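Trainee: quick one, structure for this:
(one chain, ligands or ions: 1)
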Amino acid sequence: MFFLMFYVITGILLVAIVTSYAIIILNCQKRANVSIENTNSIKVKRKLLQAPGPRPWPIIGNLDIIGQFNNPFQGFGALTKSYGDIYTLTLGHTRCLVVNNFELIKEVLNKNGKFFGGRPEFLRYHKLFGGDRNNSLALCDWSLLQQKRRNLARRHCSPRSSSSYFAKMSRIGCSEITNLLDNLKASVEPGKPFDLKPLILKACANMFSQYMCSIRFDYEDKEFEQVVQFFDEIFWEINQGYPLDFLPWLLPFYINHTQKICHWSTTIRKFILERVINRREINIDVDEPDVDFTDALLKSLVENKNVSRNTIIFMLEDFIGGHSAVGNLVMLSLAYIAKDPLIGKKIQCEVDCISKNSQRSINLHDMDKMPYTMATIFEVLRYSSSPIVPHVATEDTQISDFGVTSGTIVFINNYMLNMSQKYWKDPDLFQPERFLEEKSNSASTPVIFHGKRRCSEESDSGIEFEKEARIYNSSIDNRYAEQDIKNDPETGKLQLKKNIPHFLPFSIGKRTCIGQNLVRGFGFILIANILQNYNINCSDLEAIKIKPASVALPANCFPLLLTPRA
Ligand code: HEM
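Mentor: Predicted coordinates for the structure are as follows:
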């Protein structure tokens, strides 16, 4: 009996291994069927080989190689030494293309963006969004609905600096800062490490909820507190990779984990329905101008029969959830400031100069006059290299000279881009100054761009600038003295660099981040006002553990020392 069982199990395993290997090899050898223009400009069909890559194992493919690295993006970078800047991997049974340089990234996201509008079929993505990842703005495949959702969101979530939305953001940001500072004053004990993250996240959540839903929650509100924590857990979760993503048959081993994810997301959804949507739905008046984003969403529900109630609940959840990204970014910025207090000092110099030594708080309209503060935020974005959500080829196509078959997942390695000697001097150093440049003669009169500078094939930075940064006094080699910065900001020598084509923290192409103006705006208000009031240090720098290629920090991260400024 025992031997029979043994032979049956061994037989099943062997069949599984052989079948798996056959599938993997077939997928590797499959050619992409693409249309190519010949010399007479006539389109002809050609079958193109996929890019080479390491030989995969049965069942796991190349997961063993990626598993050897602390971070997959570091692993992708290391593999370029053997396979060049473009290569394919097989993760589980899934074909993946990894692109590691700027030209290739542009080719995927800009030139051939229409062929790469899909997102991966990861089980976790479905669990996070009510069983269907297409409910999510960031994890759905490209569709007409997605185009509509982006258009609906753009006005509210990407406000221009001349718009009333921008002024509203500034007002809300500043009033929430007052609440945050009151709370800090009551809770921070001088000389004692303070767990700042929960408070920062609650302040961010209130900025987002006031801006998008005209509602604010008390910091002591237990339901609000829990929802903010769950949003943060989800932000961390989305930024992780698991073998389950490529080996879905591992699901039974992840039952507890997936149940936890479902619990987080259903709790959040219930909160948004009960505390935001239900009470707003009763008072909707389609003839009145939109009060906020929630109003616009609810009206689209009345006016457009193709938009479902589910769609708008998930949209609101997605956008309110954006606060976790901002909160984590602010915590990361404070961590780098704690590591190098001179950075904090320089931000404080700008703050003191602009606010005439704290006669007022810092608002969004100060942003253009504080290039060093903005440069610090950009350096955090570069240094932490938030991964670009993987794209998926929706039909057979071509990148460089290689074929890409439909269904291939494309990893955009912007970590490699941000850490490359080719693009950055001393990329391993944290230096906000790299985002500053000498004020050019032509820049002495501030130029206003008419309309947004959006990415094009030639000018690619995903960063959207509307206005030239106003000039502020700082010096490029930059360990500058305090009295230098106290000069009149109008006579300064440096400005924020306007467009760095290879810097893509918010990606490029049709799926760029919609929340980037909110990130810059609320991030700026938080960092500037916290530093106006406190010096930031850390009693145990070893406790600040930052994962490369991630803006997400674990829910329980590190405490900081906040010392009120004289
Ligand atoms: C530290 C802050 C943030 C960073 C670094 C960041 C970066 C990114 C990146 C790299 C993408 C992927 C683009 C692509 O697939 O090509 C993305 C997508 C997206 N982001 Fe952000 N983001 C941030 C914050 C936010 C916030 C605050 C919001 C909303 C309030 C937001 C909303 C979105 C949405 C909706 C998408 C999906 C767009 C689409 O797929 O069509 N993001 N973001």
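Trainee: for the record, mean pLDDT for stretch 197-204?
Mentor: What stretch 197-204 shows for mean pLDDT is 98.
Trainee: how about it, does it get close to the ligand?
Mentor: No: Stretch 197-204 lies out of reach of the ligand by Cβ under 6 Å from any ligand atom, never closer than 9.0 Å. C-betas here are computed from N, CA, C, even on glycine.
Trainee: so what's the residue nearest to the spatial centre of the chain up against?
Mentor: Most central in the chain under Cα atoms, centre = their mean is Ser386, positioned 5.5 Å from the mean C-alpha point. Residues counted as contacts of Ser386 (Cβ atoms under 8 Å, 6 or more residues apart in numbering) are 239, 505, 549-551.
Trainee: JSON lines please, covering those and showing pLDDT.
Mentor: Output for these, formatted as JSON lines (pLDDT from 0 to 100):
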{"residue": "Asn239", "pLDDT": "93"}
{"residue": "Pro505", "pLDDT": "95"}
{"residue": "Ala549", "pLDDT": "92"}
{"residue": "Ser550", "pLDDT": "93"}
{"residue": "Val551", "pLDDT": "96"}
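Trainee: just the residues you listed: which are in helices?
Mentor: Within the contacts of Ser386, no residue falls in helices by DSSP state H.
Trainee: for the residue nearest to the centre of the chain, helix, strand, or coil?
Mentor: coil (DSSP: H, G, I helix; E, B strand; the rest coil).
Trainee: re earlier: which one of the contacts of Ser386 is nearest Ile66?
Mentor: Closest approach to Ile66 among the contacts of Ser386 (Cβ to Cβ): Ala549, at 12.8 Å.
Trainee: I figured that closest one was touching Tyr383, is that so?
Mentor: No: between Ala549 and Tyr383 there is no contact under Cβ atoms under 8 Å: 10.0 Å.
Trainee: per-residue pLDDT of the residue nearest to the centre of the chain, please?
Mentor: 89.
Trainee: repeat that for Asn441.
Mentor: pLDDT at Asn441 comes out at 59.
Trainee: now swap in Pro446 and tell me
Mentor: 33.
Trainee: what do you get for Arg31?
Mentor: Reading off the model, Arg31 has pLDDT 95.
Trainee: quick check: closest non-adjacent residue to Ile277.
Mentor: Ile313 (6.4 Å; Cβ to Cβ, 6 or more residues apart in numbering).
Trainee: got the phi and psi for that neighbour?
Mentor: phi -60, psi -50 (degrees, to the nearest 10).
Trainee: close enough to count as contact, it and Ile272?
Mentor: Yes: using Cβ under 8 Å, Ile313 is in contact with Ile272, at 6.4 Å.
Trainee: using CSV, write down the CA coordinates of stretch 75-86.
Mentor: Only the C-alpha atoms of stretch 75-86 are listed here, as CSV (Å, rounded to 0.1, in the frame of the first residue of the first chain):
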residue,chain,number,x,y,z
GLY,A,75,17.9,41.8,-9.0
PHE,A,76,16.6,43.2,-12.3
GLY,A,77,19.6,45.6,-12.3
ALA,A,78,22.1,42.9,-11.5
LEU,A,79,20.9,40.7,-14.4
THR,A,80,21.6,43.5,-16.9
LYS,A,81,25.3,42.5,-16.6
SER,A,82,24.6,39.1,-18.1
TYR,A,83,21.6,39.9,-20.4
GLY,A,84,21.8,43.6,-21.3
ASP,A,85,19.2,46.3,-20.7
ILE,A,86,16.3,44.2,-22.1
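Trainee: can you point out the buried residues in it?
Mentor: Applying a neighbour-count criterion of 16 or more other Cβ atoms under 10 Å, the buried positions in stretch 75-86 are 75-77, 79-80, 83, 85-86.
Trainee: for this structure, what helix or strand is lowest in average pLDDT?
Mentor: Of all the helices and strands that make up the chain, strand 448-453 has the lowest average by mean pLDDT, DSSP states H and E, namely a mean of 31.
Trainee: ok, and what's touching stretch 524-533?
Mentor: In contact with stretch 524-533 (Cβ under 8 Å, 6+ apart) are residues 170, 173-174, 177, 180-181, 184, 200, 203-204, 207, 326, 330, 333-334, 337, 344, 347-348, 350-352, 355, 358, 361-364, 366-367, 370, 373-374, 376-377, 536, 564-565.
Trainee: can you give me the buried ones in stretch 40-57?
Mentor: Those would be 48, 50-51, 53-54, 56-57, for stretch 40-57 by 16+ other Cβ under 10 Å.
Trainee: check stretch 306-316 too.
Mentor: So stretch 306-316, judged by 16+ other Cβ under 10 Å, has buried residues 307, 311-316.
Trainee: among the residues you listed, which are in helices?
Mentor: Among these, the members that lie in helices (by DSSP H) are 311-316.
Trainee: return the closest of these with respect to Gln229.
Mentor: Leu316 (18.7 Å).
Trainee: tell me the contacts of that closest one?
Mentor: Residues near Leu316 by Cβ under 8 Å, 6+ apart: 212-213, 272, 276-277, 293-294, 297.
Trainee: change it to 7 Å
Mentor: 212, 272, 276, 294, 297 (Cβ atoms under 7 Å, 6 or more residues apart in numbering).
Trainee: and of those, the nearest to Gln421?
Mentor: For the contacts of Leu316, the minimum distance to Gln421 (Cβ to Cβ) is 41.4 Å, reached by Met212.
Trainee: coming back round to it: could you dump the contacts of Leu316 to a markdown table with distance to the ligand, pLDDT and secondary structure?
Mentor: Shown next, in a markdown table, are those (distance: Cβ to the nearest ligand atom, whole Å; pLDDT from 0 to 100; DSSP: H, G, I helix; E, B strand; the rest coil):
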| residue | distance to the ligand | pLDDT | secondary structure |
| --- | --- | --- | --- |
| Met212 | 8 | 95 | helix |
| Ile272 | 14 | 95 | helix |
| Val276 | 15 | 92 | helix |
| Thr294 | 14 | 94 | helix |
| Leu297 | 13 | 91 | helix |
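Trainee: ok, Met416 - contacts?
Mentor: Neighbours of Met416 in contact, by Cβ under 7 Å, 6+ apart: 76-77, 100.
Trainee: leaving out the residues flanking it, which one is nearest to Ser175?
Mentor: Gln210 is the one closest to Ser175 (Cβ to Cβ, 6+ apart), at 7.9 Å.
Trainee: ok but the one you found is inside a helix, no?
Mentor: Yes: assessed by three-state DSSP, Gln210 belongs to a helix.
Trainee: which residues does it contact?
Mentor: Gln210 touches 172, 176, 216, counting by Cβ under 7 Å, 6+ apart.
Trainee: which of these lies closest to the ligand?
Mentor: Ile172 (13.9 Å; Cβ to the nearest ligand atom).
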